[in-house]
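Undergrad: what shape does this take:
(2 chains)
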Amino acid sequence: MAPPTLRLMVLPLLALLVLALFALSLSVGPSAVSMRLAVGDWLAAGDSTAAVIFAEIRLPRALLGLMVGAVLGLSGAALQGLLRNPLAEPGLIGVSASASLGAVVAFYSGLVNTIPMALPAGGIAGALTAVALLYALAGRDASVLTLILAGTAIGSLAGALTSLALSLSPNPFALTEIVFWMLGSLADRSVEHVTLAAPFMAVGALLLLSTGRALDALSLGEDTARTLGFATGAVAFRIVVGTALAVGAAVAVTGAIGFVGLIVPHLLRPLAENRPSRLLPLSLLGGAALMLAADVAVRLGGPGPELKLGVVTALLGAPFFLALVLRTRRSVA
Amino acid sequence: MSALAARGIALSYGAARVLDGADLELRPGELLGLIGPNGAGKTSLLRVMAGLLKPAAGTLTLGGRTLADLSRRERARAVAYLSQGRDLHWPLTAERLVELGRLPHLGPFSRPGPGDAAAVERALAACDALNFRHRPVTSLSGGERARVLLARALASEPALLLADEPVAGLDPYHQLQVMEVLRARAQAGTGVLVVLHDLALAARFCTRLALFQDGRVAAEGAPGQVLEPGRLGAVYGVEMATAELPGGETLQVPWRRLVRP
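TA: Here you go, the predicted structure:
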């Protein structure tokens, strides 16, 4: 158990860390740009190369890292609280796979050639379709288990349809491009990506953050939570819709980035005294910090083509998760 | 007066009729024991009274008002429910867990105040759980865990408490301890409804007993009236033996199974 002062300091310390990593993310890139000049010129509405690099390349990338990491961490924490299972993660309800399918459909329909934003818009449409389908299948008063089963089914179907679309691809270049997109990256995203995804992420995050108290009550089980005055069906609905909006929008603009939603809540849980309501804001900040750090690491990763962020989080995340599993096993034994 | 009254409650799981016109009233200040064989519908009635199951027929009133007309929060403040299971999902400390009992009294964004802390303190003290308040609940023994969960239910300081087999799986010492806490609450004015299988505990602690059989109350009244050997034999399908206690009181003890026809 962490001492009380440390516990109180966790939130501000994490916020500071996120700020520092955000600034670092802004200052890292292939072209050497003086941050002071770039920001000064950008604020003065100048159009020097430095200002353009800052406003159109660095800023969208850092903002997306911040936002996507935040919603992945937050939705992971909310889902783990809802399911009372430390292995739950945003991909569980089929949203990531459906968002990918939506993006692939937008890609193959040729819409992306005329409207560049069709790709993320397709991703968001895919995520929303998944939630509509989820509730049509499971019903508004569905038990948590029914929701998860239906979500897994929808996710598998979306994955299969994506594979089908890829295997029927007539054009190897299109195939390469879509596969690279699906690996997940923050590179070459524009301000339009940010503004398209931000409203969905904001609404989703607010829905998720509003469930803290109910998640605390749920740590005593569904029945007890209901007798404490919480409508558990409505809580599940808020979390599923919130995750779909926030993570669907995230996947739509960056591709699938795994492990953040799984690991961040897991790591921070002891610092939140195992309280789900405290874990929500901590995981929001922790997710943002991890994503920004990983994206900085990707850009500093030496010469050659930049590694995909989704690949890096999975490469780092899987061994890390295995270590956690081993530690849990020892403490249980 | 905030008595919780169930009248003519009917409930079915599929084709199986679980409750069949059950009537039961829990009044403030009493320790009402609900006894009866497995499958008689005790837990189902408790869950109906806690608002967890919707009956197919019958009425539920709290202090004369229809229970369904109360808001979730009003109901949660008035009636606490202690479930049978003792599953705990996160290693919260005992104190944090008991604090969850204050949720019905907290606004959506307000933090627990001094009043809440005092209620948590009283509940921990009542359940003799003060000395492990800072330990994670997952590390507690069965007896400690049962006391912490009981403290959680008491922390909301409800008018009525519904407890489903709170002594199941506890050793005699801890069974007596939990029953003493429940009796003290009843004497302090709370109406306590407790599902029990131990007829000796029911006889010793409860102020009133309701014997459940086939989805309805078969007998109700003072323990001495309800725990009548012939009736118990018929309801449980066992032969009862009468044991004499040092003080001259008698106790009904299940002795051997009767062959069911």
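Undergrad: so where is the stretch 1-150 of chain B shaky, pLDDT-wise?
TA: B:1 (pLDDT under 70).
Undergrad: closest residue of it to chain A?
TA: residue B:76 (3.3 Å; Cβ to the nearest Cβ). C-beta coordinates here come from the backbone N, C-alpha and C atoms, glycine included.
Undergrad: what does the stretch 51-200 of chain A put close to chain B?
TA: Applying Cβ under 8 Å from any Cβ of the partner chain, we find that the stretch 51-200 of chain A lies next to chain B at residue A:84.
Undergrad: OK, now which residue of the stretch 51-200 of chain A is nearest to chain B?
TA: Closest point on the stretch 51-200 of chain A to chain B, by Cβ to the nearest Cβ, is residue A:84, at 3.9 Å.
Undergrad: quick check: phi and psi at that residue.
TA: phi 50, psi 40 (degrees, to the nearest 10).
Undergrad: find the nearest non-adjacent residue to the residue positioned nearest the centre of chain B, please.
TA: Here the mean C-alpha position of chain B is nearest to the C-alpha of residue B:163 (Cα atoms, centre = their mean), at a distance of 2.0 Å. The shortest distance from residue B:163 to any non-neighbouring residue, by Cβ to Cβ, 6 or more residues apart in numbering or on different chains, is to residue B:82 (4.2 Å).
Undergrad: go ahead and confirm the one you found touches residue B:165.
TA: No: Residue B:82 lies out of contact with residue B:165 (Cβ atoms under 8 Å); the separation is 9.1 Å.
Undergrad: higher neighbour count, these two?
TA: Neighbours of residue B:82 and residue B:165, each counted by other Cβ atoms under 10 Å in any protein chain shown, are more numerous for residue B:82; the result is 25 against 20.
Undergrad: got the contact list for the more buried one?
TA: With contacts defined as Cβ atoms under 8 Å, 6 or more residues apart in numbering or on different chains, residue B:82 is in contact with B:149, B:150, B:152, B:153, B:161, B:162, B:163, B:164, B:166.
Undergrad: give me the phi and psi for it.
TA: phi -110, psi 110.
Undergrad: ok, now residue B:57?
TA: phi -150, psi 160.
Undergrad: ditto for residue B:216
TA: The phi/psi pair for residue B:216 (degrees, to the nearest 10) is phi -150, psi 170.
Undergrad: which residues does it form beta bridges with?
TA: Here residue B:216 sits in beta bridges with residue B:213, as judged by DSSP bridges.
Undergrad: is it true that it touches residue B:17?
TA: No: if you go by Cβ under 8 Å, residue B:216 and residue B:17 don't touch, sitting 10.3 Å apart.
Undergrad: tell me which of those two has more neighbours.
TA: For residue B:216 and residue B:17, the more surrounded residue by other Cβ under 10 Å is residue B:216, and the numbers stand at 20 against 15.
Undergrad: quick one: that one from residue B:8, how far?
TA: To residue B:8, residue B:216 is 9 Å away according to Cβ to Cβ, to the nearest Å.
Undergrad: kindly report the residues of chain B close to chain A.
TA: Looking at chain A, the residues of chain B close enough under Cβ under 8 Å from any Cβ are B:47, B:50-52, B:72-73, B:75-77, B:79-81, B:83, B:85, B:87-93, B:96-97, B:100-101, B:103-104, B:106, B:108, B:134, B:136, B:152, B:156.
Undergrad: count of residues packed around residue A:111?
TA: For residue A:111, using other Cβ under 10 Å, the count is 16.
Undergrad: name all residues that make contact with it.
TA: With Cβ under 8 Å, 6+ apart, residue A:111 has these contacts: A:118, A:122.
Undergrad: pLDDT score for it?
TA: For residue A:111, the pLDDT comes out at 78.
Undergrad: and what of the one 3 residues further on?
TA: According to the predicted model, the pLDDT of residue A:114 comes to 80.
Undergrad: for it, give me phi and psi.
TA: phi -90, psi -40.
Undergrad: measure it to residue A:249 for me?
TA: Counting by Cβ to Cβ, the gap from residue A:114 to residue A:249 is 22 Å.
Undergrad: those two: which is more packed in?
TA: Set residue A:114 next to residue A:249 and count neighbours by other Cβ under 10 Å: residue A:249 wins out with 30 against 7.
Undergrad: which strand residues bridge residue B:242?
TA: Residues in beta-bridge contact with residue B:242 (DSSP bridges): residue B:252.
Undergrad: hang on, it packs against residue B:249?
TA: No: look at residue B:242 against residue B:249 with Cβ under 8 Å: they stay out of range, at 10.5 Å.
Undergrad: in contact with residue B:178, which residues are there?
TA: Residues in contact with residue B:178 (Cβ under 8 Å, 6+ apart) are B:146, B:147, B:150, B:166, B:167, B:170.
Undergrad: quickly note the distance from it to chain A.
TA: 17 Å (Cβ to the nearest Cβ, to the nearest Å).
Undergrad: now that residue: which helix or strand?
TA: Counting by DSSP states H and E, the element that carries residue B:178 is helix B:172-187.
Undergrad: alpha carbons only: can I get that helix in PDB?
TA: Taking C-alpha atoms only, helix B:172-187 is exported to PDB below (Å, rounded to 0.1, in the frame of the first residue of the first chain):
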ATOM      1  CA  PRO B 172     -19.500 -21.400  15.900                       C
ATOM      2  CA  TYR B 173     -17.600 -18.400  17.400                       C
ATOM      3  CA  HIS B 174     -18.200 -16.300  14.300                       C
ATOM      4  CA  GLN B 175     -21.800 -17.400  13.900                       C
ATOM      5  CA  LEU B 176     -22.500 -16.200  17.400                       C
ATOM      6  CA  GLN B 177     -20.600 -13.000  16.800                       C
ATOM      7  CA  VAL B 178     -22.600 -12.200  13.600                       C
ATOM      8  CA  MET B 179     -25.900 -13.000  15.300                       C
ATOM      9  CA  GLU B 180     -25.000 -10.800  18.200                       C
ATOM     10  CA  VAL B 181     -24.300  -7.900  15.900                       C
ATOM     11  CA  LEU B 182     -27.700  -8.400  14.200                       C
ATOM     12  CA  ARG B 183     -29.500  -8.700  17.500                       C
ATOM     13  CA  ALA B 184     -27.800  -5.400  18.700                       C
ATOM     14  CA  ARG B 185     -29.000  -3.700  15.500                       C
ATOM     15  CA  ALA B 186     -32.500  -4.900  16.000                       C
ATOM     16  CA  GLN B 187     -32.500  -3.700  19.600                       C
END
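Undergrad: what are the buried residues along that helix?
TA: Buried residues in helix B:172-187, counted by 16 or more other Cβ atoms under 10 Å in any protein chain shown: B:174, B:175, B:177, B:178, B:179, B:181, B:182, B:183, B:185, B:186.
Undergrad: now the contacts of residue B:82 as TSV including secondary structure and distance to residue A:23?
TA: As requested, the contacts of residue B:82 are arranged in TSV below (DSSP: H, G, I helix; E, B strand; the rest coil; distance: Cβ to Cβ, whole Å):
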residue	secondary structure	distance to residue A:23
B:149	helix	47
B:150	helix	51
B:152	helix	45
B:153	helix	49
B:161	strand	55
B:162	strand	55
B:163	strand	56
B:164	strand	55
B:166	coil	56
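Undergrad: show me which of these are buried.
TA: Buried by 16+ other Cβ under 10 Å: B:149, B:150, B:152, B:153, B:161, B:162, B:163, B:164, B:166, out of the contacts of residue B:82.
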